[in-house]
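# Here is a sequence with its predicted model. Questions after.
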Amino acid sequence: MLALEAKAHELAGGPFNLGSPKQLGEILFNKLELPVLKKTPKGAPSTAEEVLAELALDYPLPAVLMEYRSLSKLKSTYTDKLPGMIDPKTGRVHTSYHQAVTATGRLSSSDPNLQNIPIRTEEGRRIRQAFIAAPGCKIVAADYSQIELRIMAHLSQDPGLLAAFAEGLDVHSATAAEVFAVDIEQVSVDQRRKAKAINFGLIYGMSAFGLAKQLGIGRHEAQQYIDVYFARYPGVADYMARTRALAHEKGYVETLKGRRLYLPEINARNRQRQQAAERTAINAPMQGTAADLIKLAMLAVDAWIHSSGVDARLMMQVHDELVFEVADDAVAGLSEKVAALMSDIGWLDVPLVVEVGTGDNWDEAH
DNA sequence: AGGTTAAGCGCG
DNA sequence: AAAGCGCGCTTAACCT
């Protein structure tokens, strides 16, 4: 990190505090005269990762800043902090879970937040590797595969999507095959990447503009993808329209188990606020149903652990994942039983697939 | 000294 | 003009 800081100072033509938005903006946009690609809500030139990535194509400093940022995030939030949060009585870090915080019914986690431990980068995974099991035990992680898309299939009752899951297909590949009109075996890496962005975008209520930005393509092309998607999966198109209409009519949306989210701005005069409420209306039933489902799974798993007397403890919940500490000789039995209990929270018209992994640490268990 | 806001970024 | 949902944490900058 020191070397990166020195490199940044050299490229900037003088020392500055890399963590200071004010100083950084001064150097990037005044001194070096890099183009302002995006502004913050308050009007200052944005130095967000997405902007730096774009600028890095033409200038040397942004790439250095990006690497420095990612490393300092890991150091300040996890590497420096977590060891100091070990409880001297237990020798472990203990999070607090909050059951009545989120709008959708998810849990949240704080002090420390153990629901955002790094996993996406190699350096980040080294932090996850520090979460280890007691001697004689293993970590077992069980996560639902594509839970929100499965819920979308159930709620929309779209025949194509239901069939894709019933047949056990890779859903992003199946989507790509439909949208790009190719055999599923012929789907390219790039087509699958695009289909994945479409699928996630649908869950979030994303527009053609957002999809275009995400994929780095034109707005018209993005709109074509969406049009073709809805033509191939008309049940999904209907479901989205019905959900919006119901939200406007009732002023709330519900999960499959009846958890409500009220949307006070769904009929706001301000079009922007109204559209934001519509995106929430699309997302909340899917995110919230997933939350309902894993909570029921947690109850079932807890009941079994206590009634069976198995040497295992449920340690963490990360939205679609349960993490256990399990005695070595109980790992096989617990893995099988947990997968069954989680899969059998079955009120969906699609199979629930659970992926279970084991290891000496949390990273290995994935 | 201590609290709040803005920007940014870690995760699902 | 905005344009992708849900969280919590850190630092800098600003405020009382």
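Nice, I can see it. Numbering: from 1, shown residues only, chains lettered A, B, ... in the order given.
# Show residues contacting the one helix or strand residue A:355 maps to.
Under the criterion DSSP states H and E, the helix or strand holding residue A:355 is strand A:354-359. Residues outside strand A:354-359 that contact it (C-beta atoms under 8 Å, 6 or more residues apart in numbering): A:138-145, A:331, A:335, A:338-339, A:342-343, A:364-366. Heads up, the C-betas are built off the backbone N, CA and C, glycines and all.
# contacting residues around residue A:200?
Residue A:200 makes contact with residue A:206 under the criterion C-beta under 8 Å, 6+ apart.
# Spell out which parts of chain A neighbour DNA strand B.
A:21, A:40-44, A:46-50, A:52, A:66, A:69-70, A:73-74, A:77, A:113, A:115-121, A:124, A:287, A:318-321 (C-beta under 7 Å from any atom of the strand).
# Where do the helices of chain A begin and end?
In chain A, helices defined by DSSP state H lie at A:2-12, A:21-25, A:49-55, A:61-74, A:122-128, A:147-156, A:159-166, A:171-179, A:189-204, A:208-215, A:219-232, A:234-250, A:271-308, A:331-343, listed in chain order.
# on contacts alone, who are the packing partners of the fifth one?
Packed against helix A:122-128 by the contact rule (3 or more C-beta pairs under 8 Å, 6 or more residues apart in numbering; DSSP states H and E) you find helix A:61-74.
# From the contact counts, what lies against the helix it packs on?
helix A:2-12, helix A:49-55, helix A:122-128.
# What is the least confident helix or strand in chain A?
helix A:21-25 (a mean of 90; mean pLDDT, DSSP states H and E).
# Low-confidence regions, chain A specifically.
Residue ranges of chain A with pLDDT under 70: none are present.
# Could you rerun that using 80?
For chain A, the stretches with pLDDT under 80 are A:346.
# from it, which residue is nearest to DNA strand C?
Per C-beta to the nearest atom of the strand, residue A:210 is where chain A lies closest to DNA strand C, at 2.3 Å.
# And the nearest residue to that residue once chain neighbours are set aside, how far from residue A:175?
In space, and not counting its chain neighbours, residue A:210 is closest to residue A:201: 6.5 Å by C-beta to C-beta, 6 or more residues apart in numbering. Distance of residue A:201 to residue A:175, given as C-beta to C-beta, to the nearest Å: 11 Å.
# Could you measure from the residue in the stretch 251-366 of chain A that DNA strand B sits nearest to over to residue A:339?
The minimum distance from the stretch 251-366 of chain A to DNA strand B, using C-beta to the nearest atom of the strand, falls at residue A:319 (3.3 Å). Going from residue A:319 to residue A:339 by C-beta to C-beta gives 18 Å.
# to the chain's geometric centre, what's the distance from stretch A:204-223?
19 Å (C-alpha atoms, centre = their mean, to the nearest Å).
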